[in-house]
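Sequence and predicted structure below; questions after.
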Amino acid sequence: MQITIRFSGPLRALAGRSELALPLAEGATLRDLLHALRPALPPAFDEQVVRPLETGAGSLALVLVNRVHRRGPAALDHPLADGDVVAFVPPMAGG
Amino acid sequence: MFECYGQKLLRINLTTRTVTTEPLPGEFIARWVGGMGFGVKLFTDQVSPNTDPLGPDNTIYLCVGPLTGTLAPLFAQTGIVCKSPLTGGIINTYAGGHLGGAIKAAGYDVIAIEGRASELVYVLITPDGVRIMACPELAGKPARQAEEAVKTAAGRDDLHTLAIGLAGENRVRYASVISETRAFGRGGVGAVLGAKNLKALGIAGLGDVRVAEPGAFQAAVAAAYETFRQDLAQPWSTLGSFSRAGTAGGIGLINEKHALATRHHRLTRFEKAEEIGGQAMLERFPTRPIACLGCQVHCGMLRQPTETRWGQVWTRGPEYETVYSLGSLCFNDDPEMLLKANDQAEQYGMDTLSLGVCVAFAMECAERGILPREALGSDVVLEFGNADATIRLIDQIAHRQGLGDTLAEGVRRAAQAIGRGAEAFALQVKGMEFAAWMPERMRGIAVTFATSNRGACHKRAPIGMELVDVIPMDENEGRAALVASIQDKVNAIFCLIACRFAEFALPLGQFVALLNAAAGLDYTEERFMRLGEAIWNLERLYNLAAGIDGREDRLPDICFERPADFPADAKPLTRQDFALLLRDYYAARGWDEQGRPTPERLAALGL
């Protein structure tokens, strides 16, 4: 299946791109996607985003799957489906 | 008790050129605490609901709070309360910076400015006294230039200032008051100053701010600093994001949530959002973060003077709300244009939110064939995404020329004047233009926009909770009661006067602890919340008496239309949803079905 990944603001700077399409095996989860991102992106993204998300240490990024913020220990087990859009975004704006 | 207050009101009458000082009784201080509480109570007691907002009887109350000028972090704001020429109701509006500290050091909690000067003047308040100075040479000058002139004339380096620009002098109904790098944005308070012939005010003082219980206060301040420090240290911190890239740093979240009002609410997502967000601005323009008095967040992004195709621009921001109003809403994707438009708004002194909505409204009218596409001249087309049209229209509004004169009245009056069905899509509630959020997508915003005493204001809404799915954006259950509680809480912290962002990290108990230690009061969290509710009801009663009733708790028709890219699996706001939300809201408030506070609720609030 094909997943579209979008990066916003400082995450875009860390990823060095604004968008990426990744093929994943059927039944893949958000954890699998993070794993697949590791070789595809610069090490800084791994250090500041992927690893903190995997360890629950607190990441620079919020992760949205089809616009829904996935958080908490169960988030990484969230199953993905063909055509899903996963967005890495910074915390909210306002003012 | 009350050590942190000046316990004084300075009253300046511009008609008679008299200045008096009035004591603020202890009972009044204990009941209304400061800031918004002082301003709303004094205003509603002293200014008739029938007063002409642009007449001499519309008194301006410039207020600070019990924590202003103390070591407590994020309490630098100053408030203005008066009658809004945009809505005809009460307005409270706030600006950060350093003005509040100067007012406190001068020994005042409130400065009331009444009457109308016979010529353009500025007011100077220093330890040498209060002077009202004629300044015909400042007529038409940018706010920033007027502030510099007042500082130079005063010859003091501790003077802090506010001023209006051309828009205020021309009574643009959403003219702002600029205070150095900050603005009292909403509700047209700049036009009220303009109508009083008051160009600027400068103030300096030498007083210390004392507190009632130094040990307890020191502990409360240390706890507050630690709370903010811990929050800022988290990579996911909203305040941390503001520290790094300003309030527009997280535009991507809103865009990905399909909640970014784009092309006059025709779209929920802007393909070019990343080009105009805080991060892009940071990467493109050399920037220095600046802070208000005693703030750890420093969200103000001061840009280095920048050459644009409209000339050199030197500005701070734009804030997130401006990136929406003059950016996505107008379909503008040019960051240089946003810097220029932000600079125009600062120099003329105009609220960027109302301004952007008015510009986008004109573009929408042109697209619908209601206004000619040549309305701005033969050399520029009035259409979405046209940066030159935006810049020109801003000039015309400030100068009240051509179409700009109509739009200077605000989008409600402009739609009434233009007719042809324009009122159905004018983005306003009670005459105030929409802030940067979509009632179509967010139920909390639908309730907040419809019920705010200021009009379509976003300051008291569960925005963050809805954006990060703590609560679903498009569910009605419990949303109205949540909004009411946020309105009460924000009113209470605006008595102190806290920055709106302080509440992102600081729990209610810490606000109360700081207040009690500084003032010697014994507020509980419950009583503090009831203070906020009492203020909300006072404002509501005033608006009702001014003719703004439950029929104006409504959203324009456009909010019930489905934007073209509305997510297929999301629930759009229906009229049934909205009726339910409003009914729930009145019930949560203890109001009757017409939205009037009941005698029982008022009695319970001690009103």
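Alright, I've got the coordinates.

distance of the residue of chain B found nearest chain A from B:Ile276?
Scanning chain B for the residue nearest chain A gives B:Gly252, at 2.3 Å (criterion: Cβ to the nearest Cβ). Using the backbone N, CA and C atoms, a C-beta is placed for each residue, glycine as well. Separation of B:Gly252 from B:Ile276 (Cβ to Cβ, to the nearest Å): 11 Å.

Settle it for me: which of the two has more neighbours?
Counting neighbours by other Cβ atoms under 10 Å in any protein chain shown for B:Gly252 and for B:Ile276 shows that B:Gly252 has the greater number, 31 against 24.

ok, that one touching A:Ser8?
Yes. Counting by Cβ atoms under 8 Å, A:Ser8 is a contact partner of B:Gly252 at 2.3 Å.

residues contacting B:Gln495?
In this structure residue B:495 is Cys, not Gln. For B:Cys495, the contacting residues are B:32-38, B:65-66, B:531-532, B:535, by Cβ atoms under 8 Å, 6 or more residues apart in numbering or on different chains.

What score does the closest residue in space to B:Leu124 that isn't next to it in sequence have for pLDDT?
Using Cβ to Cβ, 6 or more residues apart in numbering or on different chains and skipping residues adjacent in sequence, the residue nearest B:Leu124 is B:Arg131, 4.6 Å away. The predicted structure scores B:Arg131 at 98 on the pLDDT scale.

How many neighbouring residues does residue 57 have?
Defaulting to chain A. Should you count by other Cβ under 10 Å, A:Ala57 turns out to have 10 residues around it.

wrong one, I was asking about chain B
Residues near B:Asp57, counting by other Cβ under 10 Å: 16.

Would you confirm that it contacts B:Gln46?
No. Taking contacts as Cβ under 8 Å, B:Asp57 lies outside contact range of B:Gln46: 9.6 Å.

sorry, back to before: and the residue nearest to B:Leu124, backbone torsions?
Listed backbone geometry of B:Arg131 is phi -130, psi 140, with angles given as degrees, to the nearest 10.

Am I right that it is in contact with B:Val123?
Yes. Between B:Arg131 and B:Val123 there is a contact under Cβ under 8 Å: 7.3 Å.

Between these two, point out the one with more neighbours.
Just comparing B:Arg131 and B:Val123: by other Cβ under 10 Å the higher neighbour count belongs to B:Val123, 23 against 16.

nearest spatial neighbour of the more buried one, skipping sequence neighbours?
Taking Cβ to Cβ, 6+ apart as the measure, B:Val123 lies nearest to B:Leu201, with 4.6 Å between them; neighbours along the chain are not counted.

The one you found should be in a strand, yeah?
Yes. B:Leu201 forms part of a strand when assessed by DSSP: H, G, I helix; E, B strand; the rest coil.

Is B:Gly252 located within a strand, as I assumed?
No. Under the criterion used here (three-state DSSP), B:Gly252 is helix, not part of a strand.

residues in contact with it?
Neighbour list for B:Gly252: A:8-9, A:11-12, A:87, A:89-90, B:273-274, B:277 [criterion: Cβ under 8 Å, 6+ apart].

make it 10 Å
Contacts for B:Gly252 (Cβ atoms under 10 Å, 6 or more residues apart in numbering or on different chains) come out as A:6-12, A:18, A:61-62, A:64, A:87-90, A:92-93, B:260, B:273-274, B:277-279.

Helices - which of those land there?
With helices defined by DSSP state H, the entries of these inside them are A:10-12, B:273-274, B:278-279.

Any buried residues in stretch B:154-170, and which?
Along stretch B:154-170, the positions that meet the burial threshold by neighbour count (16 or more other Cβ atoms under 10 Å in any protein chain shown) are B:154, B:156, B:159-170.

what do you get for stretch B:475-483?
Quick answer for stretch B:475-483 (16+ other Cβ under 10 Å): B:476, B:479-480, B:482-483.

could you dump these to CSV with pLDDT?
Rendered in CSV, the data for the buried residues of stretch B:475-483 read as follows (pLDDT from 0 to 100):
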residue, pLDDT
B:Asn476, 97
B:Arg479, 97
B:Ala480, 97
B:Leu482, 96
B:Val483, 97
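
residues near B:Leu580, how many?
As a burial measure, B:Leu580 scores 16 neighbours (other Cβ under 10 Å).

what's the distance between it and B:Ala219?
Counting by Cβ to Cβ, the separation of B:Leu580 from B:Ala219 is 46 Å.

Equivalent analysis for A:Asp32, please.
Taking Cβ to Cβ as the measure, A:Asp32 and B:Ala219 are separated by 49 Å.

who's more crowded, the two?
Set A:Asp32 next to B:Ala219 and count neighbours by other Cβ under 10 Å: A:Asp32 wins out with 17 against 13.

Just say helix, strand or coil for that one.
Applying three-state DSSP: A:Asp32 is helix.

Check B:Tyr61 too.
B:Tyr61 - assigned by three-state DSSP - is strand.

List phi and psi for whatever residue of chain A ends up closest to chain B.
Of all residues in chain A, the one sitting closest to chain B is A:Ser8 (2.3 Å; Cβ to the nearest Cβ). The phi and psi values for A:Ser8, taken as degrees, to the nearest 10, are phi -120, psi 150.

Look at it and say how many residues are nearby.
28.

Check B:Asp343 too.
As a burial measure, B:Asp343 scores 25 neighbours (other Cβ under 10 Å).

Pretty sure it sits against B:Arg303.
Yes. With contacts counted by Cβ atoms under 10 Å, B:Asp343 reaches B:Arg303, the gap being 9.3 Å.

Name the residues contacting each of these two.
Both B:Asp343 and B:Arg303 are in contact with B:313-318, where contact means Cβ under 10 Å, 6+ apart.

filter those residues down to the ones near chain A?
With respect to chain A, and counting by Cβ under 10 Å from any Cβ of the partner chain, the subset of these in contact is B:317-318.

So which of the shared contacts of B:Asp343 and B:Arg303 are in strands?
Taking DSSP state E, the ones among the shared contacts of B:Asp343 and B:Arg303 that sit in strands are B:Val313.

Going by neighbour count, which of the shared contacts of B:Asp343 and B:Arg303 comes out on top?
Most crowded among the shared contacts of B:Asp343 and B:Arg303, counting by other Cβ under 10 Å, is B:Pro318 at 31 neighbours.

Contacts only, for that residue.
Residues in contact with B:Pro318 (Cβ under 10 Å, 6+ apart) are A:95, B:246-248, B:276, B:278, B:281, B:301, B:303, B:324-327, B:335, B:338-339, B:341-343, B:345-346, B:352, B:356.

Mind checking which of these are in strands?
Among the contacts of B:Pro318, DSSP E puts B:301, B:303 in strands.

what about the helices in the stretch 451-600 of chain B?
Across the stretch 451-600 of chain B, reading from the start of the chain, the helices by DSSP state H, counting those that start in this stretch fall at B:463-467, B:479-493, B:508-519, B:525-545, B:575-589, B:599-604.

right, I mislabeled it, should have said the stretch 101-250 of chain B
With DSSP H, counting those that start in this stretch applied, the stretch 101-250 of chain B shows helices at B:143-154, B:166-169, B:189-195, B:214-233, B:238-245, listed in chain order.

Kindly compare burial across those and name the winner.
Among the helices of the stretch 101-250 of chain B, the stretch with the highest mean neighbour count (mean count of other Cβ atoms under 10 Å in any protein chain shown) is helix B:189-195, at a mean of 29.

That one - contacts with which helices or strands?
For helix B:189-195, the packing partners by 3 or more Cβ pairs under 10 Å, 6 or more residues apart in numbering or on different chains; DSSP states H and E come out as strand B:60-63, strand B:78-83, strand B:90-95, strand B:160-163, helix B:166-169, strand B:177-179, strand B:182-184, strand B:198-203.

what's the closest of the helices of the stretch 451-600 of chain B to B:Arg400?
Distances from B:Arg400 to each of the helices of the stretch 451-600 of chain B were compared by Cβ to Cβ, and the smallest falls on helix B:525-545, at 27.6 Å.
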